[in-house]
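>>> Sharing a model prediction with you, sequence too.
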Protein chains: 2
Amino acid sequence: MKQTTIKEIAALAGTSRGTVDRVINKRGRVSPKVKARVLQVIDETNYRPNTAARSLYMSHRGLKIGAVIGGLKNSFFDLVIAGIKDEVEHYRSSGISLILKNVSLFDKEANLKAIAELKEEGVDAVLIAAIGDEDIQAALNSLHVPLVAVNLNLEAKNKLCFVGTNYLNSGRLAGNFASLIVNEPTGCGIVVGSLTHPGQSLRCRGFEEAIEPKINLTEIIENQDENECSYNLVKTMLQNPSIGLICFLGAGEEGGLKAIAESGKHPKVITVDQSEGVLEGLQNGLVAGTINQHPYTQGVRSVDLIFDSLVCRNKVPKEIIMDNVLILKESILTHKLAK
Amino acid sequence: MKQTTIKEIAALAGTSRGTVDRVINKRGRVSPKVKARVLQVIDETNYRPNTAARSLYMSHRGLKIGAVIGGLKNSFFDLVIAGIKDEVEHYRSSGISLILKNVSLFDKEANLKAIAELKEEGVDAVLIAAIGDEDIQAALNSLHVPLVAVNLNLEAKNKLCFVGTNYLNSGRLAGNFASLIVNEPTGCGIVVGSLTHPGQSLRCRGFEEAIEPKINLTEIIENQDENECSYNLVKTMLQNPSIGLICFLGAGEEGGLKAIAESGKHPKVITVDQSEGVLEGLQNGLVAGTINQHPYTQGVRSVDLIFDSLVCRNKVPKEIIMDNVLILKESILTHKLAK
DNA sequence: CTGAAAGCGCTTACAG
DNA sequence: CTGAAAGCGCTTACAG
């Protein structure tokens, strides 16, 4: 069960540690004969590099992670960022440091600028939550470092992994829950940010797929993830007396919740994430349940993945998908940090 | 932001690395004067040992973790054990190894024997899930190594941490969920293993506290965590026509679910954990929802905690409490491993 | 193309 | 009571 070391490999292959290292790390030329012998020994002995030793070396070399993520006043990405920061701190002894570009998802120019700055500063890996249009992709490709798509998937040449949720499934879970808490034919309204957001539209689809026939989906409104817009639209929606269920499947739910509270009506309400407004709504009974996307954990796991890949040199999964679970009022007692 | 090293401390305190180490690790005598100076420098520089270097050293020294946990045919503890094994493997480079004693929670003699064997084998830390009566406590105390109480809390001199769930809160969550899915006055039966199990009785209490008045708790039956017993008792319970809700708050729910399926009746059902039977019940609609106690994560975090404390020498929390979250049918798509 | 040496930070025998 | 040296496994200049 003891791990093989480079020293042992060198001995078995009749060469030196330096040469073994060159083979493993594809650094410099090695004669084909020696290379083949080394590779064979590595294979036979099932060699895996020692993480502790690599970490110790890395603490000397340093590993800069760049993160392009967030935007102010957004509690979801704040939690993702908190997870990233905590995990970077956790790996402090391995020389990992963070350059954070806290830019809004929707501000394309700011994203491009942030990527350019990271290129300038010379990072070893990038975490990014952005809408991957052509320009963003091109900018990312020009970085030539591995990257992790966090929360929003995008395509790029060096994409290591997507860490996020299954949007379709989260919508289905919302529909599933709705069907359990509604017991008679009821009109239902959905509030999303925008149906052009691929994730949010998938959520709507999942919801529609999963609801039972007693739930009659009467309207889907788009609030641009905006609280004020949300407030006005929901106020109007509530004038429809058949509406007994409202699902917020995007952001900006706090405005909508305010409209509901003021209306004096009591539709059943389902939300996603755990903004202050949602937590308050759970507490006072306005919100029946909310779907947790584990933002904090998304941050943590993104950094773990970089560590696993670049420090431990492990093969890493192509995607890490968070569980979709339901949070009710009583869950939040043990859930204070909304991780 | 750079970390101080022992070398730097030694230089600042005008002594050698060996001496600094002696102060830090309380190994051997150091003159009061030098000791005070070293401690002052450590404090001023905010010294924290380098995890990577400690790991590398540990990979040489080795760290044996003993685990007394489980019992066959119990999917909950199997998942805890899977988490422990995976995390030990994850720390393989740090020289952590595992001696697992897979003994039943309820077999006191087997537990005592396992503890004695671990003492013999000389472990550096212990993970244990057991009912902490006087004899078990005495045996644990005689080990003189730090221990983590997993899933079941117990008292012992060297207890480092309790990793588990909040039983009261899980009961409250079940009651919360029950109140959401039941819409008219309904009779309710609870099935537990035994009310002498402190966790299960707390769960019952939480449930009673959280249910709304429309739910009328008519009976609490004890099945000794046994499927056959459970089957018969639930069969009888179903003869009471007022029962529209059954909550399984202990183990042995699979027998009870079988009785419900055979009865042709359709009470609403809430369970805890995710046995095969529960997952099947979620799929076919027999079970409305189940509360996840994160057994796999409990295993993972227990090992993390040992690593954090003994390898990193960090201060660790007194307890790590899992979130109580709800799993519905649609959750399990992304939840295959029931972690 | 290849090897011997030095270094990452922490520990531990081993001398004094 | 204290210090200099060697080692954990991996990398990287630096010579050859």
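Looks like it arrived, so ask away.

>>> Show me which residues of chain A are close to DNA strand D?
A:3, A:5-7, A:17-18, A:21-22, A:24-25, A:27, A:49-50, A:52-54, A:56-57, A:61, A:313 (C-beta under 7 Å from any atom of the strand). For the C-beta atoms, the positions are set from N, CA and C on the backbone; glycine is no exception.

>>> Which of the residues you listed fall within helices?
When those are checked against helices using DSSP state H, the ones located there are A:6-7, A:17-18, A:21-22, A:24-25, A:52-54, A:56-57, A:61.

>>> contacts with DNA strand C among those, please.
Judged by C-beta under 7 Å from any atom of the strand, the overlap between these and the neighbourhood of DNA strand C comprises A:R17, A:G18, A:R22, A:A53, A:L56, A:Y57.

>>> Spell out which two among these are the most distant pair, please.
With distances taken as C-beta to C-beta, the most widely separated pair in these is A:R22 and A:L56, at 20.2 Å.

>>> which of the two has more neighbours?
Neighbours were counted for A:R22 and for A:L56 using other C-beta atoms under 10 Å in any protein chain shown; A:L56 has more, 21 against 18.

>>> List the residues that contact A:L63.
By C-beta atoms under 8 Å, 6 or more residues apart in numbering or on different chains, the residues touching A:L63 are A:S94, A:G95, A:I96, A:S97, A:D124, A:A125, A:I306, A:L310, A:V311.

>>> Look up phi and psi at it.
A:L63 has phi and psi values of phi -140, psi 110 when expressed as degrees, to the nearest 10.

>>> Run through the bridge partners of it.
Here A:L63 shows beta-bridge partners A:I96, assigned using DSSP bridges.

>>> before we move on, the earlier item: of the ones in helices among the residues of chain A next to DNA strand D, closest to B:G299?
Within those, proximity to B:G299 (C-beta to C-beta) peaks at A:A52, which comes in at 22.0 Å.

>>> Please tell me how far that closest one sits from chain B.
The gap separating A:A52 from chain B is 3 Å, by C-beta to the nearest C-beta, to the nearest Å.

>>> The residue nearest to A:I320 when sequence neighbours are not counted: which element?
Leaving out its chain neighbours, the residue that sits closest to A:I320 by C-beta to C-beta, 6 or more residues apart in numbering or on different chains is A:V163, at 4.7 Å. Counting by DSSP states H and E, the element that carries A:V163 is strand A:159-164.

>>> closest to B:P295 among the contacts of A:L63?
Minimum distance to B:P295 across these is 27.8 Å, recorded for A:I306 (C-beta to C-beta).

>>> Spatially nearest residue to that closest one, not counting backbone neighbours?
Distances taken as C-beta to C-beta, 6+ apart place A:A125 nearest to A:I306, at 4.9 Å, with adjacent residues excluded.

>>> Any idea what that neighbour is bridged to?
Each beta-bridge partner of A:A125 is listed here, defined by DSSP bridges: A:I65.

>>> check contacts around the closest residue to DNA strand D within the stretch 151-300 of chain A.
For the stretch 151-300 of chain A, the residue positioned closest to DNA strand D under C-beta to the nearest atom of the strand is A:L160, at a distance of 17.6 Å. The contact partners of A:L160, by C-beta under 8 Å, 6+ apart, come to A:A125, A:P146, A:L147, A:V148, A:L305, A:I306, A:S309, A:V316.

>>> how about stretch A:267-277, does it reach chain B?
No. Against chain B, stretch A:267-277 shows no contacts by C-beta under 8 Å from any C-beta of the partner chain, the least distance being 8.6 Å.

>>> What average pLDDT does that stretch get?
Stretch A:267-277 shows a mean pLDDT of 93 in the predicted model.

>>> Measure how far it is from the centre of its chain, please.
Averaging C-alpha coordinates over stretch A:267-277 and over its chain gives two centres that are 20 Å apart (C-alpha atoms, centre = their mean, to the nearest Å).

>>> Quote the end-to-end distance of it.
According to C-alpha to C-alpha, to the nearest Å, stretch A:267-277 extends 16 Å from its N-terminal end residue to its C-terminal end residue.

>>> quick one: contacts of it?
For stretch A:267-277, the surrounding residues in contact (C-beta under 8 Å, 6+ apart) are A:75-76, A:170, A:174, A:177-178, A:181-182, A:186, A:203, A:238, A:243-251, A:253-254, A:257-258, A:260, A:278, A:281, A:286-293, A:295, A:327, A:332, A:338.
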